[in-house]
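> Here is the input, now give the coordinates:
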Amino acid sequence: MTGIMRKPKLELLPEIENDCVSDCASRKCSVPRMHGLNSLPEQMKAFISSMHCREYPLLINQPGMCRRNNSSFGLDSPMLIMAIKTQVGNFENRQAIRETWGRSGLVTGESNKKGGIVRTVFLLGRQDSSTGPHPDLKNLLELENQKYRDILQWDFRDTFFNLTLKDLLFWNWLQQYCPTAVFVFKGDDDVFVRTDAVLDYLHKRWEEHNLWRVRANETDMDLDLFVGDVINNAMPNREPSTKYYIPEHFYKGRYPPYAGGGGVVYSGSLALRLKEISERIRLFPIDDVYLGMCLDRLGLSPVHHPGFLTFDLPESDRGNPCAYRSVLLVHRRSPKQMLTLWKQLQNLPGQC
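Predicted coordinates for the structure are as follows:
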């Protein structure tokens, strides 16, 4: 009914331990005591050494993104804010998104149905020097931001295991600068989203929720919606050579249900609840799983939607525009593929 499954509240996850004192601002983070720490892969050691650090300064901000005077349409709140995780060097991905499914402004629904204001922001850390030498792209990023005003960058190392930080820091930003956004899309910069179809889906959920509130006389009840490609009963990867390796003494048992595959949609009100509960849940190096942990602590489970295609369409269908009629998100697409697919999907209902 509300786009999310409720369940009894579970208390399975450890609270944050406050017994280590360190200067996170200067990145001099003490390493907690942990059996076998020195034998872990470097990325895991780096994560553990700074996992209690949750506040990082904003290097680039967009404080006016959701203000009324920033909208030529005279609307207070965006219907959908799209928060895209990207890295400094991925300019082509960002530009392809801006020119296609991530366009900011008034977006109509599919077949010119009711749409809404969409605002897109890109979430970045700073380039990670530990992965090798990188060209200095700071000036180019500043020029990009001057032109598009859609970059949010924080002063932390932009690594795979630090993707969880982007969720936490974005929630902080959302609460301060865009707390009335109705819905949030959180995704990677290598997915393709049918934004018009997503808006149609969200309007339907919103209308259903409002009807339910009236009938139940629960006018103050927020919409708890969290939708994506849900993965159940997943076990941590115990192979040290893999990207997703999690040692058993760091996390035991199965993961709670979580939505993966490059993108999820959730209500703005739930985003603020996720921010609040995350302050009591130890950070985890896999961002999709961490969102599942936060939902679990709230007594909620994500809802699966078959339109979120984690593993893409069958290869034989990928070039057929009509195969995308029920798709909301598909993973993965290169910048060139995004541009091509965008052109192919114009006026999709009329073609099929």
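> how about low-confidence regions in the stretch 201-350 of the chain?
Across the stretch 201-350 of the chain, nothing is flagged by pLDDT under 70.
> same thing but at 80, please
Applying pLDDT under 80 to the stretch 201-350 of the chain flags the ranges 219-220, 261, 349-350.
> Give the buried residues for the helix of greatest length in the chain.
Ranked by residue count under DSSP state H, the longest helix found in the chain is helix 195-216. For helix 195-216, burial by neighbour count (16 or more other C-beta atoms under 10 Å) applies to 195-203, 205-206, 209, 213. Any C-beta I mention is one placed from the backbone N, CA and C, and that applies to glycine too.
> for it, packing partners?
strand 80-85, strand 105-107, strand 116-126, strand 258-267 (3 or more C-beta pairs under 8 Å, 6 or more residues apart in numbering; DSSP states H and E).
> For those, could you give me a markdown table that also reports mean neighbour count?
Formatted as a markdown table, the helices and strands packed on helix 195-216 follow (neighbours: other C-beta atoms under 10 Å):
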| stretch | mean neighbour count |
| --- | --- |
| strand 80-85 | 24 |
| strand 105-107 | 15 |
| strand 116-126 | 22 |
| strand 258-267 | 25 |
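> Reformat those strands as TSV; add distance to Thr340.
Below are these laid out as TSV (distance: least, C-beta to C-beta, whole Å):
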stretch	distance to Thr340
strand 80-85	19
strand 105-107	20
strand 116-126	20
strand 258-267	19
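> of those, which approaches Ile60 most closely?
Comparison of these against Ile60 by C-beta to C-beta identifies strand 116-126 as nearest, at 7.8 Å.
> tell me how far the very next helix or strand once past that closest one is from the chain's mean position?
Using DSSP states H and E, the helix or strand that follows strand 116-126 towards the C-terminus is helix 138-148. Put simply, helix 138-148 sits 23 Å off its chain's centre (C-alpha atoms, centre = their mean, to the nearest Å).
> Flag every buried residue along helix 138-148.
The neighbour-count check on helix 138-148 (16+ other C-beta under 10 Å) flags Leu141, Glu144, Asn145 as buried.
> Touching, the last one and Leu152? I think so.
No: at 9.5 Å, Asn145 and Leu152 do not qualify as touching, with contact defined as C-beta atoms under 8 Å.
> Return the distance of Cys322 relative to Gly350.
From Cys322 across to Gly350, the span is 11 Å (C-beta to C-beta, to the nearest Å).
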